[in-house]
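*Asks:* Got a predicted structure plus its sequence, pasted below:
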Amino acid sequence: MTRHRYLNFVLLNKPETAMGTVCCISKFATLNYVRSRPFSSFLPSHPFPSTTSTNFSLASSFSSSVTLSFTWNDAIGISESQTDTQDRSRYLQGFFNKVQLCNRGSEKQSEFLPFVVEDHIVGFIHNGFVEHLRGFGDVFVFPKEKFNGGPNGDFVSLHPMLKTADERTSAVGYVVQQLGEERIPGIRNELYPVTSSFGAPIFFSLERAAAPYFGIKAYGVHMNGYVEVDGQKHLWIGKRSDTKQTYPGMLDHLVAGGLPHGIDCQENVIKECEEEAGIPRSLSVKAIPVGAVSYMDIDGYRYKRDVLFCYDLKLPKDFIPNNEDGEVDSFKLIPVRQVAEVIRKTQFFKTNCSLVIIDFLFRHGYITPEYHGYLDLLRSLRIGDCS
């Protein structure tokens, strides 16, 4: 490792863990420091520089509303194609590409203003979207106005008259309603907590579809449901309904969902297990929390800062999932090694699912230190603000 890369590594990984840097910046740094800190320094290292430009071009064109037309037979055919896993110098490249799909837009961070509540940075709002909010001066305070022109630089905040969480929820909810589907598509009438970090006090609650437009941290749960057959692990994979507003028809986890206000992670897993796969509580309570992944993705006015809590659940061989909410078209039980090939070679999976499954591949020994880029890829799974 060169001296330059070593110094960069130290900067990125102090204190203690790779995820610690971004956590500490968000929780303790001044607004000026956050504004001046180069976003690109948090992006994952890519040990395959000869393909970087192509991959970022591909990533920048990907959208959650894009419908990819493929069948289970297409996915299975690709998964069964021969791959030389002995080529340790190139094997991880396809996984790095999927990490990049979740971490786009680093060069556009300067276009966003911090969103501050009670002196805490809770989000980031694009300059263009700020213009849509200017008609609501009784809800928001904008840069260089009398309430927030202090020494910490420009930021957007809530009007000081909005003192309680309920008042803020109601006021911002009204704004979201007035902006409507034209400005914030996919409104679900589901609230996400707005907080500076997981477990910290909740300042107010925000419509789920609006979360990336205000750049707040959003949390979710993803569960790997697996079965062992003759000593070989298989993953249950779902194919999303073609009518889903986001990522229609794409491959997905057996169970996954956002973490709304008022429910903890374990109970949310149990609820999603029943709704999405018909898994009874007697089985779902055995789901094991195994960590988290995080990413930061900028797409137009949207700034996604997501943390996904990962769970594993070993299921009985005779269990057959059954979707209860109409959001999944069908399920397939696929050997883990073949799932890995689909992730490496295609964009069939919903983008953030790839991160959680890559984490599963690490933890279950499918990706080993002998592969070139092992530590860079491992670190990149938590490149977002994992706090």
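*Replies:* Yes, it's here.
*Asks:* ok, the most centrally placed residue in the chain - contacts?
*Replies:* Closest to where the C-alpha atoms of the chain average out (CA atoms, centre = their mean) is residue 306, at 3.8 Å. Counting by CB atoms under 8 Å, 6 or more residues apart in numbering, residue 306 touches 217, 218, 219, 220, 294, 295, 297, 352, 384. C-beta coordinates here come from the backbone N, C-alpha and C atoms, glycine included.
*Asks:* So in that sheet, which strands flank the one helix or strand it maps to, and in what orientation?
*Replies:* Element membership for residue 306, per DSSP states H and E: strand 302-314. Note on strand 302-314: by DSSP bridges, its sheet partners are strand 217-229 (parallel), strand 288-299 (antiparallel).
*Asks:* and residue 143, which of these is closest to it?
*Replies:* strand 288-299 (19.8 Å; CB to CB).
*Asks:* So for the closest one, mean pLDDT?
*Replies:* What strand 288-299 shows for mean pLDDT is 98.
*Asks:* how about that strand as CSV, C-alpha atoms only?
*Replies:* What follows is strand 288-299 as a C-alpha-only set of coordinates in CSV (Å, rounded to 0.1, in the frame of the first residue of the first chain):
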residue,chain,number,x,y,z
ILE,A,288,-31.2,-13.6,13.9
PRO,A,289,-29.9,-10.0,13.6
VAL,A,290,-26.5,-10.2,12.0
GLY,A,291,-25.5,-6.5,11.4
ALA,A,292,-26.3,-3.7,8.9
VAL,A,293,-25.3,-2.2,5.6
SER,A,294,-25.5,1.4,4.6
TYR,A,295,-25.3,3.6,1.4
MET,A,296,-25.6,7.1,0.2
ASP,A,297,-27.2,7.7,-3.2
ILE,A,298,-27.9,11.0,-5.0
ASP,A,299,-30.3,11.0,-8.0
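*Asks:* Just the residues contacting it, thanks.
*Replies:* Strand 288-299 is contacted from outside by 19, 39, 42, 63, 99, 102-106, 108-109, 112, 212, 265-266, 303-313, 352, 355-356, 359, 363, 381-386, using CB under 8 Å, 6+ apart.
*Asks:* Mind giving me the ChimeraX select for those residues, buried ones only?
*Replies:* To isolate the buried members of the contacts of strand 288-299 in ChimeraX, using 16 or more other CB atoms under 10 Å:
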select :19,39,42,99,102,103,104,105,106,109,112,212,265,303,304,305,306,307,308,309,310,311,312,313,352,355,356,359,381,382,383,384,385,386
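*Asks:* Can you give me the neighbour number for residue 347?
*Replies:* 20 (other CB atoms under 10 Å).
*Asks:* on that earlier part again, pull the most distant pair out of the contacts of residue 306.
*Replies:* Most distant of these, by CB to CB, are 219 and 297, 15.1 Å apart.
*Asks:* which one of these two has more residues nearby?
*Replies:* Neighbour count, other CB under 10 Å: between residue 219 and residue 297, residue 297 has more, with 23 against 19.
*Asks:* The more buried one - nearest residue in space that isn't next to it in sequence?
*Replies:* Closest residue to residue 297 apart from its sequence neighbours, by CB to CB, 6 or more residues apart in numbering: residue 304 at 4.4 Å.
*Asks:* repeat for residue 279
*Replies:* Excluding its sequence neighbours, the residue lying closest to residue 279 (CB to CB, 6+ apart) is residue 273, at 3.8 Å.
*Asks:* Which secondary structure state does that neighbour sit in?
*Replies:* Taking DSSP: H, G, I helix; E, B strand; the rest coil as the rule, one finds residue 273 in the helix state.
*Asks:* For it, which residues are in contact?
*Replies:* Residue 273 neighbours (CB under 8 Å, 6+ apart): 223, 255, 279, 281, 283, 284, 287, 313.
*Asks:* and if we set it to 6 Å?
*Replies:* Neighbouring residues of residue 273 by CB atoms under 6 Å, 6 or more residues apart in numbering: 255, 279, 284.
*Asks:* quick one, strands of this structure?
*Replies:* Assigned by DSSP state E, the chain shows strands spanning 112-117, 120-126, 140-141, 156-158, 191-194, 204-207, 217-229, 232-240, 251-253, 255-258, 288-299, 302-314, 328-335.
*Asks:* For the third one, which strands pair with it and how are they oriented?
*Replies:* Right, strand 140-141. strand 156-158 (antiparallel).
*Asks:* Give me the residues contacting the strand it pairs with.
*Replies:* Against strand 156-158 from outside (CB under 6 Å, 6+ apart): 113, 115, 116, 117, 125, 140, 141, 148, 168.
*Asks:* One more pass at 7 Å, please.
*Replies:* 113, 115-117, 125, 130, 139-142, 147-148, 168 (CB atoms under 7 Å, 6 or more residues apart in numbering).
*Asks:* can I get those in CSV with distance to residue 191?
*Replies:* Shown next, in CSV, are the contacts of strand 156-158 (distance: CB to CB, whole Å):
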residue, distance to residue 191
113, 23
115, 17
116, 20
117, 16
125, 19
130, 22
139, 17
140, 19
141, 23
142, 25
147, 26
148, 26
168, 12
